[in-house]
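Trainee: following is a predicted model, sequence given first.
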Amino acid sequence: MSSEENMKTAPCRYCGQVVSFTAGGALTEEIAGEMAALNCDCEEAVAYQRCMQQEKKAMANIQELFGKGQEVSEEVIAILNAAVLRVCIGEIEKISMNLPGGIKAAISRNSKEEIKVERTETKKRQRLS
């Protein structure tokens, strides 16, 4: 533990239990509550922690599938990133977008409760005689 990090405590926003964690400097009440939720072992906090891990992984997958050099604007990536949390918390079951160039983006939850990020490219070829 560095000299700027020390033990802090805050109540878990889900169960109210006071949780200890290490953090550097002064924390706002909101950040302290977030840290408590990320370090508590109550059922709701563990579900929240799992959701945050899934969100982080899904956002990395979005960046990999649609990021730099993939012909998708940063604004569209921001929309996809925003949708990830809504899928994670169950407000949206599935979201799909049709993008220019025959690209489709979809974010959903699979049967294993994982967040699935899909990119589909449709290339159509046709010849007339």
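Mentor: Thanks, I have it.
Trainee: and Asn98, what element?
Mentor: strand 94-99 (DSSP states H and E).
Trainee: and the next helix or strand past that strand?
Mentor: Next along from strand 94-99, by DSSP H and E: strand 103-109.
Trainee: so what strands line up beside the next helix or strand after that next one?
Mentor: Proceeding C-terminally, strand 103-109 gives way to strand 115-121 as the next helix or strand, assigned by DSSP H and E. Strand 115-121 sits in its sheet next to strand 103-109 (antiparallel), going by DSSP bridges.
Trainee: so who does the most centrally placed residue in the chain touch?
Mentor: Geometric centre of the chain, nearest residue: Glu55, 1.9 Å, by C-alpha atoms, centre = their mean. Shown in contact with Glu55 (C-beta atoms under 8 Å, 6 or more residues apart in numbering): Val84, Leu85, Cys88, Ile115. C-beta coordinates here come from the backbone N, C-alpha and C atoms, glycine included.
Trainee: show me the two of those residues that sit farthest apart.
Mentor: Leu85 and Ile115 (9.7 Å; C-beta to C-beta).
Trainee: which of these two has more neighbours?
Mentor: The residue with more neighbours, out of Leu85 and Ile115, is Ile115; 21 against 17, by other C-beta atoms under 10 Å.
Trainee: name the nearest residue to the more buried one, ignoring sequence neighbours.
Mentor: Among residues not flanking Ile115 along the chain, Ala58 sits closest, at 4.2 Å (C-beta to C-beta, 6 or more residues apart in numbering).
Trainee: Cys12 now?
Mentor: Cys40 (3.9 Å).
Trainee: ramachandran angles for the one you found?
Mentor: Cys40 adopts backbone torsions of phi -80, psi 160, taken as degrees, to the nearest 10.
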